[in-house]
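Colleague: next come a sequence and a model predicted from it.
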Number of protein chains: 2
Amino acid sequence: MSKRRGLLVVFSGPSGSGKGTVLKEALKKCENLQLSVSVTTRAPRQGEVDGVDYIFYSKEKFKELISQDGFLEWACFCENYYGTPKAQIEAQLSEGKDVVLEIEVQGAMKVKEECPDAVLIFNLPPSMEELKKRLIGRQTDAPEIIEKRLQTAVWEISQADKYDYIIVNAEVEKAADTLLCTIEGEKCNVNRNKNLLATYK
Amino acid sequence: MSKRRGLLVVFSGPSGSGKGTVLKEALKKCENLQLSVSVTTRAPRQGEVDGVDYIFYSKEKFKELISQDGFLEWACFCENYYGTPKAQIEAQLSEGKDVVLEIEVQGAMKVKEECPDAVLIFNLPPSMEELKKRLIGRQTDAPEIIEKRLQTAVWEISQADKYDYIIVNAEVEKAADTLLCTIEGEKCNVNRNKNLLATYK
């Protein structure tokens, strides 16, 4: 029997929802789940490792890969390109690994279009009040930046109904378990098991 | 905040798929999951406890409850009535408990019709060969009975695509975990969280 193909998982959530922390915890708990490393043209920051934090490309190389249809999705922010490379993800999925992309709402919609098999999971804060509290608690952003992040969060959450699953991150450990459960449960979805059912005659 | 309503879970699978064992293990692991006790008019067998194994009713009382629309589904086998009582399940769901019904395919379809919110999970043996081996291994049935059970199993499995999730019971402990994961994951299904999303403004 050939190895069962892994699941492509898209994980999104507003700034302050703690999606990075939840994902980190889930990756620690489940070695079959792997993070997709994005490609970027921005310069590495101190301590960032090529191939771990990002895959660092020149703009020329990035544009060449765009022309070869080599990205699942890509975008340009502040003159820097960011993209999700197809080949690497395909290799991981073929090996049976579940691959998770931590990307924004627009990127998630592009991935869903390109890969209708992907499962989209949205990470919610327990409430808008709690989100506000978390963003203020960071003490890194000016009030007007926080206000802008909150407005973006409201828009992002308004798009959450386009996702397949909603996780509420009230407690990181529990949210990570729920994320892993959602992935395992989705593998049992009848629509992913039609070929299996056909083998029972 | 009012208690979140529990999930109504229908669990089916062919004779020999080990669904009873998987369910027993899952119930042991998760106290929020409760088994719905069926009503029957057949006489209690030795050791069976009223209200635990079955709720034992007279035929008159059973028919009265039918006329009051008191069953989610009911059927008559060999002159005995069997049914799933609505009131008890409603009480458990309101308390936030997840309630699981271990019923056959026809009953499952009736429940889905009556309660479109129910989640239907089908328990598969690892293969038809393995199912046959298990049925023969029991050493309780004559060859023609085993043959009949296998034919029924083939029909039941042909209906599994009407279920929401498929679990393969290769190993009881793992199948029980998968069952619980599927239930937890389903609670995160976006279609069950539209009201929650509407609270984020």
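Modeller: Nice, I can see it.

Colleague: can you find the residue of chain A that comes nearest to chain B?
Modeller: Residue nearest to chain B within chain A (Cβ to the nearest Cβ): residue A:185, separated by 2.7 Å. (Each C-beta comes from the backbone N, C-alpha and C, glycine too.)

Colleague: what about that residue, how many neighbours?
Modeller: Per other Cβ atoms under 10 Å in any protein chain shown, the neighbour tally for residue A:185 reads 29.

Colleague: can you pull the contacts of it?
Modeller: Residues near residue A:185 by Cβ atoms under 8 Å, 6 or more residues apart in numbering or on different chains: B:165, B:178, B:181-186.

Colleague: apply 10 Å and report the result again.
Modeller: Residues near residue A:185 by Cβ atoms under 10 Å, 6 or more residues apart in numbering or on different chains: A:119, A:165, A:178, B:119, B:121, B:164-165, B:167, B:178-189.

Colleague: now do it against residue A:68, distance only.
Modeller: Counting by Cβ to Cβ, to the nearest Å, the gap between residue A:185 and residue A:68 amounts to 36 Å.

Colleague: do residue A:88 as well
Modeller: To residue A:68, residue A:88 is 14 Å away according to Cβ to Cβ.

Colleague: these two: which is more packed in?
Modeller: Legend: neighbour count by other Cβ under 10 Å for residue A:88 and residue A:68, higher for residue A:88 (17 against 10).

Colleague: are we agreed that that one is in a helix?
Modeller: Yes. Remark: residue A:88 belongs to a helix, assigned using DSSP: H, G, I helix; E, B strand; the rest coil.

Colleague: hang on, it packs against residue A:65?
Modeller: No. Counting by Cβ atoms under 10 Å, residue A:88 sits too far from residue A:65 to count as a contact (11.3 Å).

Colleague: hey, what's in contact with both of those two?
Modeller: residue A:39.

Colleague: surely residue A:3 meets residue A:95?
Modeller: Yes. Using Cβ under 10 Å, residue A:3 is in contact with residue A:95, at 6.8 Å.

Colleague: give me the more crowded residue out of the two.
Modeller: Comparing residue A:3 with residue A:95 by neighbour count (other Cβ under 10 Å), the higher total belongs to residue A:95, at 13 against 9.

Colleague: give me the below-cutoff pLDDT ranges for chain A.
Modeller: In the predicted model, chain A carries pLDDT under 70 at residues A:1-2.

Colleague: which residues in it form strands?
Modeller: Along chain A, counting by DSSP state E, strands occupy A:8-12, A:33-35, A:39-40, A:55-56, A:71-77, A:80-85, A:98-102, A:119-124, A:165-168.

Colleague: would TSV of the ones you listed with distance to residue B:200 be doable?
Modeller: TSV is the format used below for the strands of chain A (distance: least, Cβ to Cβ, whole Å):
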stretch	distance to residue B:200
strand A:8-12	14
strand A:33-35	27
strand A:39-40	30
strand A:55-56	34
strand A:71-77	25
strand A:80-85	27
strand A:98-102	20
strand A:119-124	7
strand A:165-168	10
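
Colleague: need the ones you listed in a markdown table (columns: distance to chain B and mean neighbour count).
Modeller: Output for the strands of chain A, formatted as a markdown table (distance: least, Cβ to the nearest Cβ, whole Å; neighbours: other Cβ atoms under 10 Å in any protein chain shown):
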| stretch | distance to chain B | mean neighbour count |
| --- | --- | --- |
| strand A:8-12 | 12 | 25 |
| strand A:33-35 | 14 | 19 |
| strand A:39-40 | 30 | 20 |
| strand A:55-56 | 31 | 16 |
| strand A:71-77 | 21 | 18 |
| strand A:80-85 | 22 | 20 |
| strand A:98-102 | 13 | 21 |
| strand A:119-124 | 7 | 26 |
| strand A:165-168 | 4 | 24 |
